[in-house]
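Peer 1: Mind folding the following:
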Amino acid sequence: MKEQNHTSPILKGAAILTAVLMMVCLLDMPYGYYTFVRFVAMVVFAIIALKCFSSDKNEWAIFFAASALLFQPFIKVALGRTMWNVVDVVEAIVLIVFVIKYKREL
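Peer 2: Now for the predicted structure:
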């Protein structure tokens, strides 16, 4: 009998929610919103990286681990508004592609 993975829908939902939160960053939001998104993104990226490392998807794991470090809110990386917008869009697209590609494995 196959063991059910109850974290799968939660992780997929968290990844999609993070992608949506990042797209909202393109709007003019209060500074606290961006800090909240950084924290959420860091946690979600770190969890996905750990899951990828345990599944031997090392390229994805390295990408998401680096993303978690980039988005961590404690030591801020100053990229400027335009560059952060580009990063947010790219990360959102990568998250959606990752969820679609590995929907059965998450």
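
Peer 1: show me what contacts the closest residue to C52 other than its chain neighbours?
Peer 2: With CB to CB, 6 or more residues apart in numbering as the criterion, C52 has its nearest non-adjacent residue at 3.6 Å, and that residue is A61. Every C-beta, even on glycine, is put in place using the N, C-alpha and C of the backbone. When contacts are counted by CB atoms under 8 Å, 6 or more residues apart in numbering, A61 touches 49-50, 52-53.

Peer 1: so can I have TSV of those showing secondary structure and distance to K103?
Peer 2: Formatted as TSV, the entries for the contacts of A61 read as follows, by DSSP: H, G, I helix; E, B strand; the rest coil; distance: CB to CB, whole Å:
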residue	secondary structure	distance to K103
A49	helix	18
L50	helix	18
C52	helix	14
F53	helix	19
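
Peer 1: Out of these, which end up buried?
Peer 2: Among these, those classed as buried by neighbour count (16 or more other CB atoms under 10 Å) are 49, 52.

Peer 1: From the contacts of A61, pick the one nearest N85.
Peer 2: A49 (23.4 Å; CB to CB).

Peer 1: in terms of contact, does that closest one touch A65 like I think?
Peer 2: Yes. The pair formed by A49 and A65 meets the contact definition of CB atoms under 8 Å, at 4.1 Å.

Peer 1: related to what we said a few turns ago, pick out the most distant pair among the contacts of A61.
Peer 2: Using CB to CB, those reach their maximum pairwise distance at L50 and C52, which is 7.3 Å.

Peer 1: buried residues in the lowest-mean-pLDDT helix or strand in the chain?
Peer 2: Within the chain, judged by mean pLDDT, DSSP states H and E, the helix or strand with the poorest mean is helix 7-24; its value is a mean of 89. Using 16+ other CB under 10 Å as the test for burial, helix 7-24 gives 11-12, 14-15, 18-19, 21-22.

Peer 1: For Y34, which non-adjacent residue is closest in space?
Peer 2: Leaving aside its sequence neighbours, Y34 sits nearest to C25 (CB to CB, 6+ apart; 6.3 Å).
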